[in-house]
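A.B. asks: The following block contains a protein sequence and its predicted model.
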Amino acid sequence: MTARRILLLNLGIESIQEVKQAVSGQGYEITEDRGLSADEILALQPELVITEATPSNLSCCDLISQIKAIPEARTLKIVMVVHGGALERARGLDLGADDVISFPVEPLEFAAKIRTQFRERQPEIELEAKLKAALQKEHLAEMAVEALSGEKIAKPRFWLIPVILVLSAAAALAALATVISNRHSRTDTLQLKAEVARLSGGLLQEGELLRRVAQARDSLNSGNGPGTPQSLKGQTEEIRKKIAADGDADSESLKKQLRETQNRLNRLESESRVAETIVHTYGSSVCLLHVVVEFRDKDSRQVIRIAADAQGKPLVDEKGMVSLRTEGTGAPLQFDFFGTGFLVASDGRLLTNHHVAEPWWSDEKLKELTDRGAEAFAASYTAYFPGVSQGIVAKLDRTSQNADLATLKLQTPTPPHVTLLALDDRGEASVTGDPVVLIGYPMGIEGILARAGGDITRKVAENAHDVTQIVSQLAAQHLIRPTTTQGHIGDVLKDKIVYDAATTVGGSGGPLFNHDGKVIGVNSAILIGFGGSNLAVPVRYADELLK
């Protein structure tokens with residue numbers, strides 16, 4: 001059996017030592033290199049790449065997206081090593097890595113994760129072989145008919161299934177490298193370069209969904225780092241044991257440590273009680289927003305569609321190119337985005353970010369589409385409130401010209417249990433060092449499924465083949481509930497609040513509460529280059545939208 005090939009790419013000296021120690025003696029063929037392009041990586045023909053990066057700086061991780069967009073690399077697995085905790089791992093997963101592991105690595109666990117990647121790779125290889133075999137049989141059949149009839153057959157190949165499962169904005173852009181060709185006329189065919197594995201049917205999509213949810217669950221379950229109540233309680237017990245064991249030796253120093261630790265624990269527990277009150281009062285009023293984005297031709301104003309045959313199957317050539325047209329009955333080209341919103345007015349208005357309401361706003365990836373003749377628009381907005389079994393249709397109300405804020409308006413009455421959130425737009429409402437509570441939906445539907453449990457995730461994956469069906473099932477089972485994180489304000493600037501309550505993709509638009517239980521900001525961004533720091537737009541910038 002040929003040794004499985006692993007490429008160690010851009011690893012630091014310490015990381016190389018730990019990784020090699022973890023995977024040595026298991027029959028792998030290991031190569032080390034740095035600074036390679038996507039094409040150079042593929043030329044080495046690795047089956048798995050272990051790389052080291054800083055996911056908080058998205059510009060350093062374009063290579064992962066480039067690799068994932070190449071059809072020839074669809075079975076290549078990428079494992080990322082990060083220096084950080086759950087938030088950094090979640091960002092790495094959002095960038096498209098197949099698994100993310102924190103440094104320093106635990107050798108046995110790391111080795112097991114590598115073996116898991118190779119196991120998951122095998123069904124994909126087998127599926128690819130079947131597709132190639134089907135294509136070859138079709139080609140041979142055509143040749144045989146041509147030989148018998150003397151005529152050439154023009155038969156499109158329909159062996160790829162059209163559904164593209166897009167789980168979040170980041171996952172969509174990592175999975176699909178979207179390239180629209182320059183237009184020579186209105187009737188030119190637009191091209192969408194898609195990853196073939198993503199188009200190969202419901203079975204693969206189900207496996208992909210389960211894999212991503214498992215990774216999200218791993219991130220959510222690893223929150224017992226320093227400074228949490230669990231760690232402080234453990235630290236308190238350790239200090240007490242030392243005091244009992246040491247007698248009078250260094251007793252005063254240990255007692256001081258114990259007092260400081262208990263004070264921190266008491267303060268944290270007090271803040272937790274405030275957080276519980278906020279969640280109990282306002283949690284049901286914070287909704288998951290599902291935004292479906294479509295595209296139209298700027299000249300003809302017609303919707304851009306995936307070219308399909310009479311049965312609705314897309315026209316895909318052997319290079320994985322899917323034709324996009326402005327005529328026909330094919331499905332519209334769509335992307336699904338998730339964010340958070342919350343009720344701020346009795347007439348059903350929701351407050352969120354501008355970039356949630358219009359995902360193409362200041363988005364460089366979607367700008368590549370719009371620069372080539374496509375115009376993005378929101379085909380639908382749906383708000384899913386906790387405890388409500390169906391989504392509520394919403395429409396765009398207003399967008400701010402001065403900040404990353406927007407309002408949507410519900411098109412039917414609000415659920416009876418939903419409460420208006422109290423806003424505090426005073427400058428003194430945000431104080432550096434004060435505790436804050438953030439409510440939202442980080443990781444979108446993946447995060448919800450991760451908390452729901454494995455059995456529910458499998459049932460949802462089996463019974464749904466597009467994003468809308470998945471969210472509808474989650475709502476019907478009352479599984480849509482926001483997450484809550486706590487932190488402190490690091491700085492208060494004129495147009496932003498810097499704080500450290502954890503969040504990630506999907507949490508945009510979530511309300512940031514102060515210790516008085518009032519909203520002081522709207523979560524808007526990750527502060528790149530500063531781990532654990534996030535940005536919120538001060539809620540006073542919403543005043544113009546709510547007049």
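C.D. replies: Yes, it's here. All values reported here derive from a predicted model rather than from experimental measurement.

A.B. asks: Mind checking the pLDDT average for stretch 381-391?
C.D. replies: Stretch 381-391 comes out with an average pLDDT of 95.

A.B. asks: Beta-bridge partners for residue 99, please?
C.D. replies: The partner list for residue 99 in beta bridges (DSSP bridges) reads residue 79.

A.B. asks: Identify the residues contacting it.
C.D. replies: Residue 99 makes contact with 77, 79, 80, 93, 113, 116, 117, 215, according to Cβ atoms under 8 Å, 6 or more residues apart in numbering. For every residue, glycine as well, the C-beta is placed using N, CA and C.

A.B. asks: Over to residue 475?
C.D. replies: By Cβ under 8 Å, 6+ apart, the contact list for residue 475 reads 384, 388, 389, 390, 391.

A.B. asks: Now which of the residues you listed would you call buried?
C.D. replies: Neighbour counting with 16 or more other Cβ atoms under 10 Å marks 384, 388, 391 as buried within the contacts of residue 475.

A.B. asks: which one is the last one nearest to, not counting chain neighbours?
C.D. replies: For residue 391, the nearest residue in space outside its immediate sequence neighbours is residue 382; the separation is 3.9 Å by Cβ to Cβ, 6 or more residues apart in numbering.

A.B. asks: quick one: that neighbour and residue 398, what's the gap?
C.D. replies: 19 Å (Cβ to Cβ, to the nearest Å).

A.B. asks: Low-confidence stretches in the stretch 1-150 of the chain?
C.D. replies: 1-2, 54-62, 65, 69, 71, 87, 91, 94-95, 124-150 (pLDDT under 70).

A.B. asks: Strands of that one, start to end?
C.D. replies: 5-9, 29-33, 48-52, 77-82, 99-102 (DSSP state E, counting those that start in this stretch).

A.B. asks: In CSV, list those strands along with distance to residue 480.
C.D. replies: Shown next, in CSV, are the strands of the stretch 1-150 of the chain (distance: least, Cβ to Cβ, whole Å):
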stretch, distance to residue 480
strand 5-9, 39
strand 29-33, 44
strand 48-52, 35
strand 77-82, 29
strand 99-102, 26
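
A.B. asks: Of those, which is nearest residue 371?
C.D. replies: Nearest to residue 371 among the strands of the stretch 1-150 of the chain is strand 77-82; the distance by Cβ to Cβ comes to 28.3 Å.

A.B. asks: so the closest one versus strand 48-52, what angle?
C.D. replies: With axes from the mean of the first three to the mean of the last three Cα atoms, to 10 degrees as the basis, strand 77-82 and strand 48-52 are set at 20 degrees to each other.

A.B. asks: Could I get the CA-only coordinates of strand 77-82 as PDB?
C.D. replies: Provided in PDB are the C-alpha atoms of strand 77-82 (Å, rounded to 0.1, in the frame of the first residue of the first chain):
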ATOM      1  CA  LYS A  77      -7.800  17.700   3.100                       C
ATOM      2  CA  ILE A  78      -6.500  20.800   5.000                       C
ATOM      3  CA  VAL A  79      -5.800  20.800   8.700                       C
ATOM      4  CA  MET A  80      -5.000  24.200  10.300                       C
ATOM      5  CA  VAL A  81      -2.900  24.700  13.500                       C
ATOM      6  CA  VAL A  82      -3.900  28.000  15.300                       C
END
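
A.B. asks: where are the low-confidence patches of the stretch 351-500 of the chain?
C.D. replies: Counting by pLDDT under 70, the stretch 351-500 of the chain contains low-confidence ranges at 365, 453-454, 461, 464-465.

A.B. asks: Start from the N-terminal end of this structure and give the helices.
C.D. replies: 13-23, 38-43, 62-68, 86-94, 107-149, 169-175, 202-220, 229-246, 251-282, 354-357, 364-370, 444-452, 454-463, 467-476 (DSSP state H).

A.B. asks: for residue 395, which residues make a bridge with it?
C.D. replies: The partner residues for residue 395, given DSSP bridges, come to residue 409.

A.B. asks: and it, what is it in contact with?
C.D. replies: 381, 408, 409, 411 are the contacts of residue 395 under Cβ under 8 Å, 6+ apart.

A.B. asks: give the contact list for the first one.
C.D. replies: By Cβ under 8 Å, 6+ apart, the contact set of residue 381 is 289, 290, 291, 357, 393, 394, 395, 396, 408.

A.B. asks: What's the local residue count around the residue nearest to it when sequence neighbours are not counted?
C.D. replies: Spatially, and ignoring its direct neighbours in sequence, residue 381 is nearest to residue 394 (4.2 Å; Cβ to Cβ, 6+ apart). Residue 394: 27 surrounding residues under other Cβ atoms under 10 Å.

A.B. asks: My guess is residue 394 contacts residue 409. True?
C.D. replies: Yes. With contact defined as Cβ atoms under 8 Å, residue 394 counts as touching residue 409 (6.2 Å).

A.B. asks: Give me the common contacts of these two.
C.D. replies: Overlap of the contact sets of residue 394 and residue 409 (by Cβ under 8 Å, 6+ apart) consists of residue 350.
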